[in-house]
Structure formats: C-alpha cells, structure tokens
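Q: Mind looking at a prediction? Sequence and model below.
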Amino acid sequence: MSTQANDNLSVEECVRANLEMYFRDLGGETPSNMYDMLLRLVEKPLLDVVMQQSDNNQSRAAQWLGLNRNTLRKKLLEHGML
C-alpha cells in the first residue's frame, strides 16, 4: 500500500489493511503472539510522535496519553527511547 493511498485512511483502516496484508503474506501459516506483536509495533511510534509533539516533556506526554509518568518512563525505557 503506497503512502499516497494511506493519506485518506483512518488509523483503524490502516491497521485493518495492514493486518489483512499480514495474513495474505503468511500464505496460510498460523500466526502467533499477534496481540503482543501489534501492541509493540504501535506503541513505539505512538510514544515517539507524542514525545516529539510534547517537546520531550514527559509529564505532558504522560497526561496526553492518559498514563502515569512512571509508566511512560518504563515504556520509553522498554523501547530504548531514553
């Protein structure tokens, strides 16, 4: 799916389209640990963009995300972003 084609899609539609592509690419193989995989793949760019938009203000970013600041720090550490 090209970037231009994604311009008019909602986040939900992009996720759906990419999951459908993932299943096609599996070619009938059985997937495993999809939930953890998807959360990991979505969480890092979410944290990255929110940290950029908050000028790396962890308190503000945590508030925007609806997280405790300590939880945010833990997630940033887990993703190697600190």
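A: Great, that's in hand. Quantities reported herein were computed from a predicted structural model and do not represent experimental measurements.
Q: Just the buried positions in the host helix or strand of residue 41, please.
A: Residue 41 is located in helix 34-53, with elements delineated by DSSP states H and E. With burial defined by 16 or more other C-beta atoms under 10 Å, the residues of helix 34-53 counted as buried are 44, 47, 50-51. For the C-beta atoms, the positions are set from N, CA and C on the backbone; glycine is no exception.
Q: and of these, the nearest to residue 72?
A: Proximity of the buried residues of helix 34-53 to residue 72, judged by C-beta to C-beta, is greatest for residue 47, which lies at 7.7 Å.
Q: Isn't the closest one up against residue 74?
A: No: applying C-beta atoms under 8 Å, one finds residue 47 not in contact with residue 74, separated by 11.1 Å.
Q: Can you show me the CA trace of stretch 64-79 as PDB?
A: Once non-C-alpha atoms are left out, stretch 64-79 reads as follows in PDB (Å, rounded to 0.1, in the frame of the first residue of the first chain):
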ATOM      1  CA  TRP A  64      -1.800  13.300  26.800                       C
ATOM      2  CA  LEU A  65      -1.500   9.500  26.800                       C
ATOM      3  CA  GLY A  66      -3.500   9.100  29.900                       C
ATOM      4  CA  LEU A  67      -0.600   7.400  31.600                       C
ATOM      5  CA  ASN A  68       1.200   7.800  34.900                       C
ATOM      6  CA  ARG A  69       4.600   9.500  34.300                       C
ATOM      7  CA  ASN A  70       6.400   6.500  35.800                       C
ATOM      8  CA  THR A  71       4.500   4.200  33.400                       C
ATOM      9  CA  LEU A  72       5.500   6.400  30.500                       C
ATOM     10  CA  ARG A  73       9.200   6.300  31.600                       C
ATOM     11  CA  LYS A  74       9.000   2.500  31.900                       C
ATOM     12  CA  LYS A  75       7.600   2.200  28.300                       C
ATOM     13  CA  LEU A  76      10.200   4.600  27.000                       C
ATOM     14  CA  LEU A  77      13.000   2.500  28.500                       C
ATOM     15  CA  GLU A  78      11.500  -0.700  27.200                       C
ATOM     16  CA  HIS A  79      11.600   0.800  23.700                       C
END
